[in-house]
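Enquirer: The following block contains a protein sequence and its predicted model.
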Amino acid sequence: MKLFKLSLILVFALSPFFAGAQNCASQLELHKKIEKPFTLNDMSKSATCVSGNTYEFKLPLTKGKDYRIQFYAAAVFNNKINFTVIDESTHETVLSLPGETFDRKIGSCVLAPWWDEETMKEFHPYFDFYPPTSTTLKIILEIPEAPQDTTDDGSVAPKKFNRGCVTVMVYDKPGVATW
């Protein structure tokens with residue numbers, strides 16, 4: 001009984017330290033909107049990111065397979081993330097876009113949804129790849145520093161960091177890949 005009470009006290013005492021922890025794995029379930037004929041690929045990832053940092057994610061692609069990639073980010077980043085995708089076999093930049101643009105046109109940004117006048121629906125941006133050879137894409141996420149606040153006397157407040165989940169959803173079309 002004494003051990004139980006001690007355990008209970010520790011749980012309540014330590015819980016404030018974990019209150020701000022991110023459950024980024026749940027973001028994969030949240031964004032699992034699959035449009036046929038694509039299926040969710042297990043290379044989809046979600047991670048906790050912090051403002052003022054750059055992150056890299058490697059995505060191997062198989063020749064002859066169709067891939068669709070979508071990006072999502074926590075609201076705390078205000079869509080202010082720059083995305084670059086580089087084909088590692090050719091060193092070619094295949095995508096370099098901001099998270100959001102003012103006009104939100106198709107293909108102009110990565111995170112902000114766009115409105116399709118024909119279907120009268122909102123769509124989240126996606127990017128399709130059909131690699132002619134097996135390759136690896138290097139996805140680079142650049143998250144700028146968080147805006148810094150000033151105090152009432154005009155001095156700079158302690159440095160502020162934004163923390164949130166960034167998710168890379170990977171889909172592919174089922175079928176036989178050619179080697």
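Expert: Structure received. Keep in mind the model is a prediction, meaning the values are calculated, not measured.

Enquirer: Show the contacting residues for the closest residue to residue 81 other than its chain neighbours.
Expert: Nearest residue to residue 81 in three dimensions, chain neighbours excluded: residue 99, at 4.3 Å (CB to CB, 6 or more residues apart in numbering). From N, CA and C alone the C-beta is placed, and that goes for glycine too. Going by CB atoms under 8 Å, 6 or more residues apart in numbering, residue 99 touches 71, 73, 77, 79, 80, 81, 82, 83, 109, 110, 111, 112.

Enquirer: what's around the second one, how many residues?
Expert: The number of residues packed near residue 73 is 23, by other CB atoms under 10 Å.

Enquirer: Quick one: mean pLDDT over stretch 143-161.
Expert: Mean pLDDT, stretch 143-161: 77.

Enquirer: Buried by neighbour count: which residues of it qualify?
Expert: By neighbour count on 16 or more other CB atoms under 10 Å, the buried set for stretch 143-161 is 143, 146.

Enquirer: which residues touch that stretch?
Expert: Outside of stretch 143-161, the residues within contact range by CB under 8 Å, 6+ apart are 49-55, 77, 80-82, 162, 166.

Enquirer: just the contacts of residue 99: which has the poorest pLDDT?
Expert: When these are compared, the smallest pLDDT is that of residue 109, 81.

Enquirer: pLDDT value on the nearest residue to that one once chain neighbours are set aside, please?
Expert: Leaving aside its chain neighbours, residue 109 sits nearest to residue 101 (4.5 Å; criterion: CB to CB, 6+ apart). Residue 101 carries a pLDDT value of 77.

Enquirer: quick one: residue 101 and residue 112 touch, right?
Expert: Yes. Using CB atoms under 8 Å, residue 101 is in contact with residue 112, at 7.1 Å.

Enquirer: so residue 57 makes contact with residue 166?
Expert: No. Assessed by CB under 8 Å, residue 57 is found out of contact with residue 166, at 9.1 Å.
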